[in-house]
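> I'd like to go over a predicted model; first the sequence, then the structure.
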Amino acid sequence: MLKFDRILLENMTEDGYKLWKKLEEKIPNIWNKLSSSSNKYHKKENGESDTIEDHTMEMIFSAIKLLSVFDIKPKTKDCDVILLGITLHDSCKYGLENPLERLHTVPNHGHLISDLINLSKNTFLKHFSNDEVLLLEEITRFHDGRWGNDWKNEDMSWKKLDSKILMVHFLDMASTNNLLKVPINMEK
């Protein structure tokens, strides 16, 4: 069980959580790999980089605290989209081919997961509307903001992005810069 699984169970709809569990089975066990293979980013106070699991946990914990700012209630599809976006955003961080054997992260990982969501659209459409699936794709594709490959390839600006995409991007950047803290008891 991942550190953040209980938080997902408590805040996602029943169908949303079932979808997550189905998706989790398909994700290689990359959760203990470093969020930053170069050890330049995601550094914590001890100087070490976070694992993908710890990084995702920080983002989910913080997102739950921020949902009310966006008038999003737990156990809603809006909540499901955001939490799924966070859980999936770095799931291709080490690429699609042999991710457990790769030593370095791939710069287009947001694009990879977004494309996989699009290719598996019918699975997502069983729970979400077309617009919600598109939002999930964009949350994962643009979570790196202006540092992501898709941002550079398109005429993008902050004004064009949904506030939910910006929230996930902000949480990702805050975690990367060691600005998010998760209480120790939340990790159990």
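Yep, that arrived.
> show me what contacts the residue lying farthest from the centre of the chain?
Here the centre of the chain is the reference, and by C-alpha atoms, centre = their mean the most remote residue is residue 46, at 23.8 Å. For residue 46, the contact set (C-beta atoms under 8 Å, 6 or more residues apart in numbering) is empty. Backbone N, C-alpha and C define where each C-beta goes, glycine included.
> also residue 137?
So residue 137 contacts 114, 117-118 (C-beta under 8 Å, 6+ apart).
> buried ones among these?
Listed as buried from those are 114, 117; burial here means 16 or more other C-beta atoms under 10 Å.
> quick check, nearest of the contacts of residue 137 to residue 3?
Residue 3 lies nearest to residue 117 out of these, by C-beta to C-beta, at 23.3 Å.
> next, the buried residues of the helix or strand harbouring that closest one.
Per DSSP states H and E: residue 117 is located in helix 109-119. For helix 109-119, the buried set under the neighbour-count rule, 16+ other C-beta under 10 Å, comprises 109-117.
> skipping adjacent residues, who's closest to the residue positioned nearest the centre of the chain in space?
Nearest residue to the geometric centre of the chain (C-alpha atoms, centre = their mean): residue 86, 2.2 Å. Spatial nearest neighbour of residue 86, chain neighbours left out: residue 59 (4.8 Å); criterion: C-beta to C-beta, 6 or more residues apart in numbering.
> pLDDT of the strand or helix carrying that neighbour, averaged?
With elements taken from DSSP H and E, the one containing residue 59 is helix 52-66. Regarding helix 52-66, the rounded mean pLDDT is 94.
> try stretch 78-86
The model assigns stretch 78-86 a mean pLDDT of 97.
> convert that stretch to PDB, retaining C-alpha atoms only.
Extracted in PDB, the C-alpha atoms of stretch 78-86 (Å, rounded to 0.1, in the frame of the first residue of the first chain):
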ATOM      1  CA  ASP A  78     -13.600  17.400  -9.600                       C
ATOM      2  CA  CYS A  79     -11.600  16.100  -6.600                       C
ATOM      3  CA  ASP A  80     -11.100  12.700  -8.400                       C
ATOM      4  CA  VAL A  81      -9.600  14.500 -11.400                       C
ATOM      5  CA  ILE A  82      -7.100  16.500  -9.400                       C
ATOM      6  CA  LEU A  83      -6.100  13.600  -7.200                       C
ATOM      7  CA  LEU A  84      -5.700  11.300 -10.200                       C
ATOM      8  CA  GLY A  85      -3.700  14.000 -12.000                       C
ATOM      9  CA  ILE A  86      -1.400  14.200  -9.000                       C
END
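> I'd like the next helix or strand past the lowest-mean-pLDDT helix or strand in the chain.
Between all helices and strands in the chain, the lowest mean by mean pLDDT, DSSP states H and E belongs to helix 149-153, at a mean of 58. Downstream of helix 149-153, the next assigned helix or strand under DSSP H and E is helix 163-176.
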